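**Q** This is a predicted model, with the sequence first.
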Amino acid sequence: MNLEVGLKDILLASPLIVLFLFSLIPLAIKVIKGNKEQNATATLIIAIIGLAVTAGLLFVFGGSDRTAFNNQLLFDGLTQWVSIVAIIGSVGALTMIYDNPATRGKQFSELIFLTMNSILGMIILVSAVNLLTVFIGLELMSLSLYLMIAMSHEQKLSKEAAIKYFVLGSFASAIFLYGVSFVFGSAGTVNITDFMQSAATLVKTNKLFLFGIVFIIIGFCFKISIAPFHAWTPDVYQGSPTPITSFMATAVKAVSFAALLRVIATQTLIGSQNLFDVLQWLAVITMTVGNVAAILQSNLKRVLAYSSVAHSGYLLVGVITAGISQNSAYSASSVVFYLFGYTLMTMGAFAIVSLMEKNENMSITVDGLAGFAKRQPILSMCLTICLLSMAGLPPTLGFFGKFYLFSAAVSEGLLWLALWGVINSVISVYYYLKPIVMMYMKDGEADVAQSSVHATTVTALACAILIILVGIFSGPLYEVIEKSLS
């Protein structure tokens with residue numbers, strides 16, 4: 001095995017190197033200044049510049065199916081696009097961290113450092129084709145998140161959320177590693193590209209390999225909130241600071257789905273009808289449980305948490321479709337496109353929640369939105385656009401995301417899955433319209449916090465505008481994504 005590191009490896013990994021170096025700058029400045037927190041605006045600008053440079057390097061060196069470090073990392077179209085989606089989600093989260101009362105002030109530099117290192121883990125996760133490298137990316141992403149949640153200025157729910165997420169996340173990682181050991185024992189390798197051609201046969205003929213793949217999928221199911229492995233989601237989403245919740249719901253979900261997509265794209269589902277059937281039912285159960293449970297919630301963050309579970313069910317339909325398709329580029333493109341749209345609309349909704357939080361202990365309820373449209377008509381319109389997009393109503397980005405996702409399923413003969421997706425989209429309209437009704441048709445005192453919240457306002461406005469504009473002109477973007485993935 002050739003273990004030499006060449007210039008090509010360094011260039012391909014340059015986004016990771018640059019991101020890590022930029023993450024050190026806020027901490028280094030703080031240490032030099034005697035451990036005193038410096039100008040938060042300057043720190044935020046440094047972080048955003050670092051992310052922008054990382055995104056630029058991903059476009060320059062990624063997207064050409066080039067591998068680095070002896071085929072440990074693959075910089076293809078999937079790595080490029082999902083990393084960009086994760087960076088978009090993280091920029092939104094950083095602006096909310098800057099404004100939110102639960103995260104601003106003390107330890108802001110540490111939060112920026114952890115956020116950027118979590119993104120570093122995400123890019124490793126989405127680019128990794130060696131299952132052990134996948135695990136390294138997964139843990140770097142997750143360990144940073146556990147600390148970010150626990151560092152909230154809120155002293156009760158956030159600590160509980162951090163412990164729950166840590167315990168269940170560790171349990172999921174253990175299951176994932178257990179599955180990797182079985183894959184190595186039966187296939188003789190943990191590199192996805194090495195067993196990709198023989199995976200369908202191995203699943204059919206080797207029970208140990210099937211056992212390993214099942215455990216790897218279960219490990220991912222925890223991360224992406226697939227029922228019945230979703231129980232942590234509403235509690236952790238509610239207890240975490242809203243900016244961190246937005247980060248988990250967008251960037252973390254995007255890269256976790258991309259990593260699962262790489263595993264499923266080995267066409268293991270073709271070799272095991274039972275695994276194929278179970279995953280289909282998990283998709284149906286997940287979207288149904290998410291939508292029905294969301295109707296019963298009064299806390300707005302819990303509504304969005306169960307909404308996130310439902311969207312995981314929709315996305316799993318796309319992943320399954322890619323797993324059985326001979327030409328998976330169309331199905332994989334629909335997943336990436338949906339992740340892009342989902343990131344914008346979820347980030348926009350959480351931005352509005354963050355704006356309304358006047359202190360770290362405040363909880364926003366659906367009924368608490370009453371009168372918001374009278375006081376903040378522009379922000380109310382932004383939240384309305386985000387919610388309607390989540391429901392999948394035209395001409396929003398959410399509608400076209402579901403259209404491409406379900407069209408791909410129908411083209412592969414999964415008509416019943418697409419039908420369940422449509423039924424659940426109809427169910428979801430109820431709890432997405434309820435906050436809109438409260439804002440526009442009920443009198444109340446809902447308003448944003450009076451402190452400086454300009455960065456988060458920009459995030460909310462940008463999300464709403466992009467949801468409409470990209471929705472109307474979704475065709476060209478989808479074609480670009482499909483071309484880069486084929």
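**A** Right, received. Where do you want to start?

**Q** which residues in the chain form strands?
**A** Remark: strands assigned in the chain by DSSP state E are 66-68, 73-75.

**Q** Minimum distance to G401: which of those strands has it?
**A** strand 73-75 (25.0 Å; CB to CB). Heads up, the C-betas are built off the backbone N, CA and C, glycines and all.

**Q** mind checking how far the closest one is from the chain centre?
**A** 19 Å (CA atoms, centre = their mean, to the nearest Å).

**Q** and if you look at stretch 128-145?
**A** On CA atoms, centre = their mean, the centre of stretch 128-145 falls 15 Å from the chain's centre.

**Q** Contacts for that stretch next, please.
**A** 67, 71-74, 114-115, 117-127, 165, 169, 173, 176-177, 180, 183, 190-193, 216, 223, 244, 247-248, 252, 255, 259, 262 (CB atoms under 8 Å, 6 or more residues apart in numbering).

**Q** any idea which of the strands of the chain is most buried?
**A** Comparing these on average neighbours per residue, with mean count of other CB atoms under 10 Å, the densest one is strand 73-75 at a mean of 23.

**Q** now the stretch 351-486 of the chain, which segments are flagged as low pLDDT?
**A** Within the stretch 351-486 of the chain, the segments meeting pLDDT under 70 span 450-453.

**Q** Quick one: buried ones out of the contacts of stretch 128-145?
**A** 67, 71-74, 114-115, 117-127, 165, 169, 173, 176-177, 180, 183, 190-192, 216, 223, 244, 247-248, 252, 255, 259, 262 (16 or more other CB atoms under 10 Å).

**Q** So for R104, which of the strands of the chain sits nearest?
**A** Using CB to CB, the strands of the chain put strand 73-75 closest to R104, at 35.0 Å.

**Q** Counting by contacts, list what the closest one packs against.
**A** strand 66-68, helix 108-127 (3 or more CB pairs under 8 Å, 6 or more residues apart in numbering; DSSP states H and E).

**Q** Paired strands for the first one, with orientation please.
**A** When you say that, I think you mean strand 66-68. strand 73-75 (antiparallel) (DSSP bridges).

**Q** D447 - how many residues pack around it?
**A** 15 (other CB atoms under 10 Å).

**Q** Report how many residues lie close to the nearest residue to it once chain neighbours are set aside.
**A** Excluding its sequence neighbours, the residue lying closest to D447 (CB to CB, 6 or more residues apart in numbering) is R375, at 4.7 Å. The local packing of R375 (other CB under 10 Å) involves 14 other residues.

**Q** Distance-wise, check R375 relative to A93.
**A** Separation of R375 from A93 (CB to CB, to the nearest Å) stands at 26 Å.

**Q** swap in G50?
**A** Distance from G50 to A93, by CB to CB: 14 Å.

**Q** out of these two, which sits in the more crowded spot?
**A** For G50 versus A93, the count of surrounding residues by other CB under 10 Å is larger for A93: 33 against 23.

**Q** so who does A265 touch?
**A** Each residue near A265 by CB under 8 Å, 6+ apart is listed here: M196, A322, G323, S328, A332.

**Q** residue ranges with poor pLDDT in the protein?
**A** In the chain (pLDDT under 70), the answer is 1-4, 62-65, 450-453.

**Q** Scan it for its longest helix.
**A** Looking across the chain with DSSP state H, the single longest helix is helix 157-187.

**Q** Please save the CA atoms from stretch 238-250 in CSV.
**A** C-alpha atoms of stretch 238-250 as CSV (Å, rounded to 0.1, in the frame of the first residue of the first chain):
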residue,chain,number,x,y,z
GLN,A,238,-36.0,21.9,22.2
GLY,A,239,-33.2,22.0,24.8
SER,A,240,-30.4,23.2,22.5
PRO,A,241,-29.8,26.9,21.8
THR,A,242,-31.9,27.7,18.7
PRO,A,243,-28.8,28.5,16.5
ILE,A,244,-27.3,25.0,17.4
THR,A,245,-30.7,23.4,16.7
SER,A,246,-30.7,25.0,13.3
PHE,A,247,-27.2,23.8,12.7
MET,A,248,-28.2,20.2,13.6
ALA,A,249,-31.4,20.3,11.6
THR,A,250,-29.6,21.5,8.4
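
**Q** And the residue nearest to D447, how far from A455?
**A** 20 Å.

**Q** Show me how far the longest helix of the chain is from its chain's centre.
**A** 18 Å.

**Q** ok, and for that helix, which residues are buried?
**A** Buried, per 16+ other CB under 10 Å, within helix 157-187: 157-158, 161-162, 164-166, 168-169, 172-173, 175-177, 179-180, 182-184, 186-187.

**Q** which strands and helices sit next to it?
**A** helix 131-150, helix 192-195, helix 207-223, helix 232-239.

**Q** In a markdown table, list those along with distance to Q267.
**A** Listed next are these as a markdown table, based on distance: least, CB to CB, whole Å:
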| stretch | distance to Q267 |
| --- | --- |
| helix 131-150 | 17 |
| helix 192-195 | 11 |
| helix 207-223 | 11 |
| helix 232-239 | 29 |
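
**Q** Which one of the strands of the chain lies nearest to I84?
**A** Nearest of these (CB to CB): strand 73-75, 12.6 Å.

**Q** Figure out which of the strands of the chain is closest to G475.
**A** Closest among those, using CB to CB: strand 73-75, at 26.4 Å.
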